[in-house]
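> just coords:
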């Protein structure tokens, strides 16, 4: 059954994120584990944040991909601990984001265990423009097409771009 699980994992690793289709769930670090239990392939995922509106689509896409690959019984489980971090995005995922014109996140601040402190002020960060590479950029809006992204503008090339936030 190890081979079946390995193959199921390979299938699950091809499923793309519905909001960032240039990334697979594996690139994004959302795909956690794949295993077999009593004839059922079980996949665990961690959403980028609690209440992520794409979670149902991720779940459905995983089930359909695995069923098309010959696994009739599939269950997708949501795991919230540890919470997802933008640090889980692979180097390949970061490269794909930049190629798609989205600035990848920097390293997230380490919060340790327990509650994450809430700060109302936007984080101060130097974000590199994915078009020209300049760090002379400004945040235009804390939220963009999704809650995970901010809208920024580059002062060097004057192009707007999205930035995947550090979480």
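Good, I have the coordinates. Values in this document were obtained by computation on a predicted structure and should not be read as measured data.
> Give me the buried positions along the longest helix along the chain.
Secondary structure of the chain per DSSP state H: the longest helix is helix 55-68. Residues 55, 58-59, 61-63, 65-66 are the ones in helix 55-68 that count as buried (16 or more other CB atoms under 10 Å). (C-beta placed from N, C-alpha, C; glycine too.)
> Enumerate every residue touching residue 15.
With contact set as CB atoms under 8 Å, 6 or more residues apart in numbering, residue 15 has these partners: 24-25, 31, 58, 61-62, 65.
> Which residue, other than its chain neighbours, is closest to the most centrally placed residue in the chain?
Geometric centre of the chain, nearest residue: residue 28, 3.4 Å, by CA atoms, centre = their mean. Among residues not flanking residue 28 along the chain, residue 17 sits closest, at 5.3 Å (CB to CB, 6 or more residues apart in numbering).
> Below-threshold pLDDT in this structure: ranges please.
For the chain, the stretches with pLDDT under 70 are 1-2, 109-124.
> can you give me the strands in it?
For the chain, the strands defined by DSSP state E cover 31-37, 40-45, 74-78, 102-103, 137-141, 149-154, 160-164.
> Quick check: residue 99 touching residue 22?
Yes - using CB atoms under 8 Å, residue 99 makes contact with residue 22 at a distance of 7.4 Å.
> And the two? Which one has more around it.
residue 22 (15 against 10; other CB atoms under 10 Å).
> Please tell me how far residue 127 sits from residue 54.
For residue 127, the distance to residue 54 (CB to CB, to the nearest Å) stands at 23 Å.
> between the two, who's got more neighbours?
Counted by other CB under 10 Å, residue 127 and residue 54 do not tie: residue 127 has more neighbours, with 23 against 17.
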